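**Student:** just to be clear, the model below is a prediction. Sequence and coordinates:
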Amino acid sequence: MALPRFSQAVIDCPDPLRLAAFYSALTGLEVEPLSGFPPEEVTGIDLLNDGQPTLRFQTVEEYVPPTWPKGSVPQQFHIDFEVEDLDEAEQHALSVGAVKADFQPGETFRVFLDPVGHPFCLFKPAELP
């Protein structure tokens, strides 16, 4: 039996081009080329990692951002990004449009919100003894 292979994670948002541009600036990953589609007709777009899709951003009409860490609209998932230096990564995330979440539940990672309210974390892997 052939097992399913992970292809990509799809993130709902009001403007896929804008959110893809944010994550591209955050990670350095490329946004897929828009082969002849006018921007107003784009309903989904991918970030590419070595030519392979990683994240897809798709338009959802009447998008409602999650309320994190509590509230009526729970986060259904979040993305973790491994970094070498938390302070440096935080400054970079803020400079490209992230907002640091008011509630920070730990000390080895930091929680941010993307431009449409999705939480994501920056973390430094634990050092082995």
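**Tutor:** Now that the structure is in, tell me what you want to look at.
**Student:** would you mind giving the domain segments of this protein?
**Tutor:** 9-59, 64-129 (automatic domain parsing).
**Student:** buried deepest among these, which one?
**Tutor:** Among the domains of the chain, the stretch with the highest mean neighbour count (mean count of other Cβ atoms under 10 Å) is domain 9-59, at a mean of 15. (C-beta placed from N, C-alpha, C; glycine too.)
**Student:** picking up where we left off before, how about the domains of the chain in a markdown table, adding distance to residue 2?
**Tutor:** Listed next are the domains of the chain as a markdown table, based on distance: least, Cβ to Cβ, whole Å:
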| stretch | distance to residue 2 |
| --- | --- |
| domain 9-59 | 19 |
| domain 64-129 | 25 |
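**Student:** which elements pack onto the longest strand that the chain contains?
**Tutor:** In the chain, with assignment by DSSP state E, the single longest strand is strand 52-59. Secondary structure elements in contact with strand 52-59, counted by 3 or more Cβ pairs under 8 Å, 6 or more residues apart in numbering; DSSP states H and E, are strand 9-13, helix 16-27, strand 44-49.
**Student:** just the residues contacting the last one, thanks.
**Tutor:** Contacting residues not belonging to strand 44-49 are listed as 8, 10, 16-17, 20, 23-24, 27, 29-32, 34, 53-59 [Cβ atoms under 8 Å, 6 or more residues apart in numbering].
**Student:** got it, and the shortest one?
**Tutor:** Around strand 9-13, the neighbours that count as contacts under Cβ under 8 Å, 6+ apart are 19, 44, 54-60, 63, 77, 79, 116, 118.
**Student:** good, wrapping up.
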